[in-house]
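J.: Okay, sequence plus prediction incoming.
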Amino acid sequence: MISMPEEKFIIRLFNVSKQYGKKEALKDLSLNIAENEFVFVTGPSGAGKSTMIKLLYRGETASSGDIIVDGLNLARISRKQIPALRRRLGVIFQDFKLIPTRTVYHNVSLVLEVAGRKPGEIRPLVMEALEYVGIDDRADELPPVLSGGEKQRVAVARAMVGAPRIVLADEPTGSLDPDSAARIFSLLEAVHRSGATVIVATHDQEMIRRHAVRVIRLENGRLVMPAQQDERLW
Amino acid sequence: MVIVAFRRAIKDIRDNKFLNVVSMITIALSVFIVSAFSFFFNNATNFLDAWQQGVRIIAYLADEVPEEDVPKSDVPEPDQSETAGPEMDRAGIREKILALEGVATVVFVSKADAYRDLQQKIGKQSSLLDGLDKNPLPDAFEITLDASFRNLDHIARLAGVIAQQPHVEEVEYAQKWLHRFSGIYNLFKITGLVLAGIFFIATFLIIANTIRLIMYSRREEIEIIRIIGADAEFIKYPLFIAGMAQGFFGSICGIGLLYAAFVLTIPGIPRDTVFALFEIRFISGMFAITMVLCSMLIGWVACVFSIRKFLKF
Ligand SMILES: Nc1ncnc2c1ncn2[C@@H]1O[C@H](COP(=O)(O)OP(=O)(O)OP(=O)(O)O)[C@@H](O)[C@H]1O
Ligand SMILES: [Mg+2]
């Protein structure tokens, strides 16, 4: 159904299903996402958007089907390989998931420490990322004192500091005011422009309307729109 | 990587200061108690050895044995004048004792010599003896043992055999006192071993529990750093370091505490008592190092244990 050459797909799902007990969160989902694509995943509450994101960073494993992310078959990799997969990704959450007891700087630098980067190269990269999202002046503060929009900018800095090939965002603007949300979206677009593949799960129809990109619509765990359908018709 | 792990371990310990301090104090007390037992045990052993080296059995001879019946010993004795009279009988007893396995020398001490000795020992108060119209002390043989027989079991057995010899009325070697002492000694040995066992288990549980609580206080952080790609080692190493640090500092404190107690009390013990027999020594450096290494090893094992239970990688 897609005519692009295979090697250009950075994410591929083949007949993926996910069950939580009896609840089937995803049903027979197949789709491809090309390298450096910007994709929205949308649909009503409970449709399976978060589930799909979790499967991509292997926070959950698929009940059946295959998921290939950046050449790794997630059904086949061992637990020991999961960290290596996650270092190729940047993930952003609605609830930010910042460590409250670590400074803004440290929250971001952890990504590079975890990846085993040399201490000398960490500081400039972290400061660059913090500057990029406009939060470098708050580097030594703890996350709890920041506003929601600021926290999410820290999360974006964290997601991009390791220069990942793929950035996943689950409702990144879900708890933000419209101005902050717009700022986060423009940051995500910038990340996209820098070469990353960006996948954003969101309810925010306004955002989707404003950004002329591909939309994957889920309903009851099923794909309801052809993958390459023009999102502006929707 | 190592530096990062150390930095994270230090933060873990700082953020859980109370927990870590309590843990270290408990380890310190455990190490203190076990080291104290080792200290007492070693010194008791030294004391017993020293005593056994100098041990002699005194065989008191019956009153009715005439003085002339008692032979003089091979060793030059001051009582040269007492060589007259029938010697077969005294020589017979002496030869019999000397022939016993384990006996090295047999020296005759006449009641007159014993009396002079006593007078000398009492010194200025020798007037105390003036009231006595007759020397109350018996004649005796002073028996020393072969080196390999200088231990409690052999001494007790030999003393028993010597007591069976003709004319020997009583045998003395400070036996009651020594038996009580060796009873305490054995009790110490057993208590020490039991306490060491309890120490190992207690230290293990304390460190395992502390690590578990650190992990609990860090559970949100651990979940997050796993999402950003931390591997098992990144999360484990700081905990290992924290566990081993608790063992290390705890045991150092425990040994330091014992040393302080040693330095403060031992010089106060009068040197002219039984303690003159041997030197009171602190636990050996080897033992101290072993305690520290054991505590660290326990810290490490306790970490493996609590991490296994809580972190599934
Ligand atoms: N851990 C879980 N255990 C059981 N059921 C779950 C679990 N996670 C998700 N589900 C169920 O799977 C379905 C899909 O959930 P998911 O979170 O993916 O939806 P969503 O599209 O992200 O919804 P929302 O827009 O509200 O975030 C829901 O019915 C949900 O109840
Ligand atoms: Mg969701």
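T.: Structure received. Ligands and ions are numbered 1, 2, ... in the order given.
J.: from here on, contacts and neighbour counts on C-alpha atoms
T.: OK.
J.: For A:Pro143, give its distance to ligand 1.
T.: According to Cα to the nearest ligand atom, to the nearest Å, A:Pro143 stands 24 Å off from ligand 1.
J.: What about that residue, how many residues nearby?
T.: Using other Cα atoms under 10 Å in any protein chain shown, A:Pro143 is surrounded by 25 other residues.
J.: How about the one 10 residues further on?
T.: A:Arg153 is surrounded by 25 other residues when neighbours are defined as other Cα under 10 Å.
J.: and if you look at A:Ser64?
T.: Using other Cα under 10 Å, A:Ser64 has 15 neighbouring residues.
J.: so what's B:Ser35 up against?
T.: B:255, B:258, B:283, B:288 (Cα atoms under 8 Å, 6 or more residues apart in numbering or on different chains).
J.: Among the residues you listed, which one is most surrounded by other residues?
T.: B:Ile255 (26 neighbours).
J.: right, and that residue touches B:Val31 too?
T.: Yes. Assessed by Cα atoms under 8 Å, B:Ile255 is found in contact with B:Val31 at 6.7 Å.
J.: quick one: furthest residue from the center of chain A?
T.: A:Gly120 (27.9 Å; Cα atoms, centre = their mean).
J.: Which residues of chain B lie near chain A?
T.: Counting by Cα under 8 Å from any Cα of the partner chain, the residues of chain B close to chain A are B:1, B:4, B:220-221, B:224-232, B:234, B:313.
J.: Report the beta-bridge partner residues of A:Phe38.
T.: For A:Phe38, the beta-bridge partners are A:Val198 (DSSP bridges).
J.: residue ranges with poor pLDDT in the chain?
T.: All of this is about chain A. Applying pLDDT under 70 to chain A flags the ranges A:1-7, A:225-234.
J.: You answered for a different chain; I wanted chain B.
T.: Across chain B, the ranges flagged by pLDDT under 70 are B:1, B:53, B:63-90, B:121-131, B:133, B:174-179, B:268-277, B:310-313.
J.: The residue farthest from the centre of chain A should be in a strand, yeah?
T.: No. Judged by DSSP: H, G, I helix; E, B strand; the rest coil, A:Gly120 forms no part of a strand; its state is helix.
J.: so which helix or strand takes in the residue nearest to A:Gly90 when sequence neighbours are not counted?
T.: Sequence neighbours aside, A:Ala159 is the residue nearest to A:Gly90 in space, at 4.0 Å (criterion: Cα to Cα, 6 or more residues apart in numbering or on different chains). When secondary structure is defined by DSSP states H and E, A:Ala159 falls within helix A:148-161.
J.: who are the neighbours in contact with A:Pro172?
T.: A:Pro172 touches A:92-94, A:96, A:152, A:181, A:184, A:200-202, counting by Cα under 8 Å, 6+ apart.
J.: 6 Å instead, please
T.: Taking Cα atoms under 6 Å, 6 or more residues apart in numbering or on different chains, we find A:Pro172 in contact with A:93-94.
J.: Same question for B:Phe149.
T.: B:Gly102.
J.: From B:Glu172, how far out is it?
T.: B:Phe149 sits 16 Å away from B:Glu172, going by Cα to Cα, to the nearest Å.
J.: that older thread, what's in contact with the helix holding A:Ala159?
T.: Contacts of helix A:148-161 (Cα under 6 Å, 6+ apart): A:90-91, A:96, A:108, A:129-130, A:133, A:180.
J.: Touching the following helix or strand past that helix from outside, list them.
T.: Heading C-terminal from helix A:148-161, the first helix or strand you meet, by DSSP H and E, is strand A:166-170. With Cα under 6 Å, 6+ apart as the test, strand A:166-170 has contacts from A:89-93, A:196-201.
J.: which two of these lie the greatest distance from each other?
T.: A:Phe93 and A:Ala196 (17.5 Å; Cα to Cα).
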